[in-house]
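J.: mind looking at a prediction? Sequence and model below.
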Amino acid sequence: MKILVCWPPHVPSYFNAGHHLPVFSITAYLRAAGHEVDALDAGALNFSWKEFGDRLFRGGYELVVLVNDFDTAEGIRRAADYAKALLPDVTVLTVGRLSYQNPGYFEALALDAVAHGGDYEAAAEETVRWVIAGRSGRPDLAGVAVRTAGGWQGPARPGAWLPAAQWVLPDVRDIPYFHYENLYRRDENKFCGIPERRELVVPVARGCPVGCAFCDVPTMQGLRERRLTVERTLDYIRASFAAHPFEYVAFYAPTFTLDKRWVRQLCTALAAEPRRYPWKCATTMFHLDADLVARMGAAGCVRISVGVETFEDEGADELPRLKRSARDRFEQVAGWCAEAGIELNCFLIVGLPGTTPEGTRRAMREIAAAGARVRPTLYTPYDRMRADMTEREMSAFNRQLFVDPDEIRATGHEPGEFLGLLFGADPYVTPATERVGHLAVPTTAVP
């Protein structure tokens, strides 16, 4: 089957290469199953809709997989419209973070299938099976709803979580790294990448049992963690650096240090490598300890990102129990990172219920005083999404604008007081760029 897996054209509110990785993971998985698959990140490539239409029309695809996210409601709608106009017989599936939170919203669009749950690759595979079977009106799909002559039919059973051994890692030749670097170039944007350095994203784990109410990972990946072996992780890093001029590794996992034994094994293996691989990761402050941080620094770690969330006691009720003593833990972790020469990157929630602009501003000052980086994100109540929302209403769930500004005013604060903390100037300059070092990376796009 001839398939296009793509991220639609759009202007991003936020950019994280790891969030775009499903385009290339799904592509690799379907290719391994014997299909002819093209991968396209039309968002990062800054495609016009004309260019997107050209690719569809000339590609002659039988299946188009549109990867959705919280920021792509308008893009998915337009991409589906273009696909149906230019390829009348095509089947269009959407899969991603937004459809897993609010699948019913997508049934109003020009789509044939909407993934509800399970790994994205498994959802795509189920849809391929349905198309090959002639798009049966009596579907039996796991984790995928489909449009039939009789209307939408929901998933017959939950989607499948694939064991890590079945994941097919992305082909680095598919990924537009030069364009990702341009998105990361201005560090004041607080995007996740390191400015002026080429990043290899390695998806090492899926799933998280921590249970933050504001997090989409449990819905998207499940509560039980699945993780690559250290050996396979290193094999992928070595092969990727041999094939492409990468400068550092971003380990993509919801809670990288959840399995401390695995991390220690990885650190030992990295320290023994003949070449240095600088790297970064994200975890919680409560899954770190002094010895582990020291080992990570010695093995090349240059940045650890953690969810500080808030220092205000009034906002703690919104957090899992293990995150409710954030200030004390922060002081410990900041000290460990400083000793290990690791930049600490702190996710801080702006507008978390119970918190105030002054309390958030005070936390930002405390984090900066400890030499750490602040990465503010606006609180977004995903549980308030509804299937009957308009495109404009859905687009408000982008973690940069309040879904309900009047609700903020009812607390005695103006939305702008919080938004100023998100969009105001920040003089911080990341040390990670210099700690990574520099290789001779081409200044033009690599195919």
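T.: Structure's in. What do you need? Numbers count the residues shown, from 1 in each chain.
J.: for stretch 238-246, give the mean pLDDT please.
T.: In this model, stretch 238-246 carries a mean pLDDT of 96.
J.: repeat that for stretch 183-201.
T.: Mean predicted lDDT for stretch 183-201 stands at 96.
J.: buried residues in it?
T.: 183-184, 187, 190-195, 197-201 (16 or more other Cβ atoms under 10 Å). In this view, the C-beta of every residue, glycine as well, is placed from N, C-alpha and C.
J.: quick one: which of the residues you listed is nearest residue 139?
T.: residue 201 (33.6 Å; Cβ to Cβ).
J.: quick one on the thing from earlier: now, the most widely separated pair of the buried residues of stretch 183-201?
T.: For the buried residues of stretch 183-201, and using Cβ to Cβ, no pair is farther apart than 190 and 200, which are 21.0 Å apart.
J.: mind checking pLDDT for residue 319?
T.: Note for residue 319: predicted pLDDT of 64.
J.: same check on residue 104?
T.: 96.
J.: that one contacts residue 385, correct?
T.: No. Judged on Cβ atoms under 8 Å, residue 104 makes no contact with residue 385 at a distance of 9.1 Å.
J.: do you have the strands of the stretch 101-250 of the chain handy? List them.
T.: 113-115, 144-148, 151-153, 199-203, 205-206, 226-227, 248-252 (DSSP state E, counting those that start in this stretch).
J.: out of those, nearest to residue 332?
T.: Closest among the strands of the stretch 101-250 of the chain, using Cβ to Cβ: strand 248-252, at 22.1 Å.
J.: residue 175: neighbouring residues, count only.
T.: 24 (other Cβ atoms under 10 Å).
J.: and the residue nearest to it when sequence neighbours are not counted, what helix or strand is that in?
T.: The spatially closest residue to residue 175, leaving aside those adjacent along the chain, is residue 24, at 5.7 Å (Cβ to Cβ, 6 or more residues apart in numbering). Applying DSSP states H and E as the criterion places residue 24 in helix 17-32.
J.: and that helix with strand 248-252, angle?
T.: Angle between the axes of helix 17-32 and strand 248-252 is 80 degrees (criterion: axes from the mean of the first three to the mean of the last three Cα atoms, to 10 degrees).
J.: what is helix 17-32 packed up against?
T.: If you count contacts as 3 or more Cβ pairs under 8 Å, 6 or more residues apart in numbering; DSSP states H and E, helix 17-32 packs onto strand 2-7, strand 36-41, strand 63-68, strand 91-96, helix 120-132, strand 199-203, strand 248-252.
J.: which of the ones you listed is buried the deepest?
T.: strand 63-68 (a mean of 28; mean count of other Cβ atoms under 10 Å).
J.: neighbouring strands of that strand in the sheet, and parallel or not?
T.: strand 2-7 (parallel), strand 91-96 (parallel) (DSSP bridges).
J.: which parts of the stretch 251-400 of the chain are strands?
T.: 279-283, 301-309, 343-350, 373-378.
J.: closest one to residue 237 among these?
T.: Of these, nearest to residue 237 by Cβ to Cβ is strand 279-283, at 8.7 Å.
J.: what does the closest one rub up against?
T.: By Cβ atoms under 8 Å, 6 or more residues apart in numbering, the residues outside strand 279-283 that reach it are 194, 248-251, 253-258, 270, 296, 299-306, 432.
J.: now with 6 Å, please.
T.: In this structure, residues lying in contact with strand 279-283 by Cβ atoms under 6 Å, 6 or more residues apart in numbering are 249-251, 255-257, 300-303, 305.
J.: thinking again about what came up before, the residue nearest to residue 175: what's it in contact with?
T.: 39, 170, 174-175 are the contacts of residue 24 under Cβ under 6 Å, 6+ apart.
J.: residue 266: which of those is nearest?
T.: Nearest to residue 266 among the contacts of residue 24 is residue 170, at 19.4 Å by Cβ to Cβ.
J.: need the pLDDT of the closest residue to the closest one other than its chain neighbours.
T.: The shortest distance from residue 170 to any non-neighbouring residue, by Cβ to Cβ, 6+ apart, is to residue 24 (3.5 Å). The predicted local confidence for residue 24 comes out at a pLDDT of 98.
J.: possible to save the strands of the stretch 101-250 of the chain as TSV with distance to residue 31?
T.: Converted to TSV, the strands of the stretch 101-250 of the chain look like this (distance: least, Cβ to Cβ, whole Å):
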stretch	distance to residue 31
strand 113-115	19
strand 144-148	20
strand 151-153	28
strand 199-203	17
strand 205-206	20
strand 226-227	21
strand 248-252	20
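J.: among those, which is nearest residue 127?
T.: Nearest of those (Cβ to Cβ): strand 113-115, 4.8 Å.
J.: and the closest one, what does it pack against?
T.: Contact partners of strand 113-115 among helices and strands, from 3 or more Cβ pairs under 6 Å, 6 or more residues apart in numbering; DSSP states H and E: strand 91-96, strand 144-148.
J.: can you give the strand pairings for that strand, parallel or anti for each?
T.: With DSSP bridges as the test, strand 113-115 pairs up with strand 91-96 (parallel), strand 144-148 (antiparallel).
J.: any idea how far the closest residue to residue 206 other than its chain neighbours lies from residue 202?
T.: Of all residues beyond its chain neighbours, the one nearest residue 206 is residue 221 (4.2 Å), with distances taken as Cβ to Cβ, 6+ apart. Distance check for residue 221 against residue 202: by Cβ to Cβ, to the nearest Å, it reads 16 Å.
J.: alright, calling it a day.
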